[in-house]
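**Student:** Need a 3D model of the following:
(4 chains)
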2 protein chains.
Amino acid sequence: MPNPVAEPQNLRRVGLKVTQQRIRILELLEQSEVKHLSAEDVYRQLLDRGEDIGIATVYRVLNQFEAAGLVRRHHFEGGQALYELESGDHHDHMVCLDTGEVIEFESPEIEKLQEQIAAQHGFLLEDHRLVLFVRKPRPAGRVR
Amino acid sequence: MPNPVAEPQNLRRVGLKVTQQRIRILELLEQSEVKHLSAEDVYRQLLDRGEDIGIATVYRVLNQFEAAGLVRRHHFEGGQALYELESGDHHDHMVCLDTGEVIEFESPEIEKLQEQIAAQHGFLLEDHRLVLFVRKPRPAGRVR
DNA sequence: TTGGGTGCAAATTGTTTGCAATTGT
DNA sequence: ACAATTGCAAACAATTTGCACCCAA
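**Tutor:** Model prediction:
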């Protein structure tokens, strides 16, 4: 079975007390269809589920999770930050400009090139952010 | 001579009235040593130069410039957006985690890979954002 | 002259923080 | 029991907006 993230030991492992709220947030991130959620999304969905939680707690917990490496924070387009569960694999994102859909992808080739470029400038690559903004091509022969 | 950006015709070309404020902002972006400035940076520096301008105008003008393709907005780390003159060439950025220094670089190979990846997913690449977070390596043999 | 542009202050949006009450260990 | 965590409301930071006045075309 896949290692479920919303497990008490995962919280203990990173030195966080196992509270209802933290478990609920992890569960939500894990179960959600949409993988990239804003703090507001998390808050609203938990309220909808009948959970008792405050927006401040959501922000605090997401920050702690990020610091602990449990989640990753993104700043695609639009003011708010989006959080996704840190799955371990390094993947980047493609955002459809028409639908807002977020697609994940991996490219070891690009990663390697990034390392090389950093090295060429005398730096060590610690992390990176790559987002492709894309669009469905107009089908051939189809015109407005 | 290199085509100066802070020229009336560049504003007219994109359908914007030629105002003192717009000219001043373009001049500042063009002359500034540091290429990536926040709205606040632009505002303060213009005030320091003795210009009479409001922060709201700076935001409005920078937004118009972005829409017109004259500047590019970035969201590296930290809350605020940074703006840089759109120079035409496609370059990406490397941010030093220790110093905050921003280095620009180009990589046609990475660009090509991006196109391929988008295509593999049935999309057309419209734009992208790539930021490398880097750090100076601890010199060999030197230990804390 | 006149519609776009500006400055000011107030309003929004997204996020953080102080503090008393609550809860996990 | 005791420190960590929570919820609320207030505080913040970055950016946007309403509106009366102003200025480039």
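**Student:** Now the residue positioned nearest the centre of chain A: which helix or strand?
**Tutor:** Closest to where the C-alpha atoms of chain A average out (C-alpha atoms, centre = their mean) is A:E84, at 2.2 Å. Secondary structure from DSSP states H and E places A:E84 in strand A:82-85.
**Student:** That strand: partners in the sheet, and parallel or antiparallel?
**Tutor:** According to DSSP bridges, strand A:82-85 forms sheet pairs with strand A:37-38 (antiparallel), strand A:71-74 (antiparallel).
**Student:** on that earlier part again, now do the same contact list for the residue nearest to the centre of chain A.
**Tutor:** By C-beta atoms under 8 Å, 6 or more residues apart in numbering or on different chains, the contact set of A:E84 is A:29, A:35-37, A:71-72, A:74. C-beta: built from backbone N, CA, C; applies to glycine.
**Student:** let's see 10 Å
**Tutor:** Contact analysis of A:E84 by C-beta atoms under 10 Å, 6 or more residues apart in numbering or on different chains lists A:29, A:32, A:34-37, A:71-74, A:91, A:93, A:102, A:104.
**Student:** pLDDT and neighbour count added to the residues you listed, as TSV?
**Tutor:** As requested, the contacts of A:E84 are arranged in TSV below (pLDDT from 0 to 100; neighbours: other C-beta atoms under 10 Å in any protein chain shown):
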residue	pLDDT	neighbour count
A:L29	97	22
A:S32	95	15
A:V34	93	11
A:K35	93	15
A:H36	95	20
A:L37	96	24
A:V71	96	23
A:R72	95	17
A:R73	94	15
A:H74	92	17
A:H91	94	14
A:H93	96	20
A:V102	90	17
A:E104	94	13
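**Student:** so which of those also contact DNA strand D?
**Tutor:** Among the contacts of A:E84, no residue lies close to DNA strand D (C-beta under 7 Å from any atom of the strand).
**Student:** Between those residues, which sits nearest A:R44?
**Tutor:** A:L37 (9.6 Å; C-beta to C-beta).
**Student:** in chain A, which ranges drop under the pLDDT threshold?
**Tutor:** A:1-3, A:140-144 (pLDDT under 70).
**Student:** Okay, now the sheet partners of the longest strand seen in it, with direction.
**Tutor:** Using DSSP state E to define each element, chain A has its longest strand at strand A:124-135. Here strand A:124-135 is paired, per DSSP bridges, with strand A:92-96 (parallel), strand B:124-135 (antiparallel).
**Student:** In contact with A:L37, which residues are there?
**Tutor:** By C-beta under 10 Å, 6+ apart, A:L37 lies in contact with A:25, A:28-29, A:43-45, A:58, A:62, A:71, A:80-85.
**Student:** redo that, cut-off 6 Å
**Tutor:** By C-beta atoms under 6 Å, 6 or more residues apart in numbering or on different chains, A:L37 lies in contact with A:Y83.
**Student:** Would you mind listing what in chain A touches DNA strand C?
**Tutor:** Residues of chain A lying near DNA strand C (C-beta under 7 Å from any atom of the strand): A:8, A:12, A:17-20, A:38-40, A:55-56, A:59-60, A:63, A:78-81.
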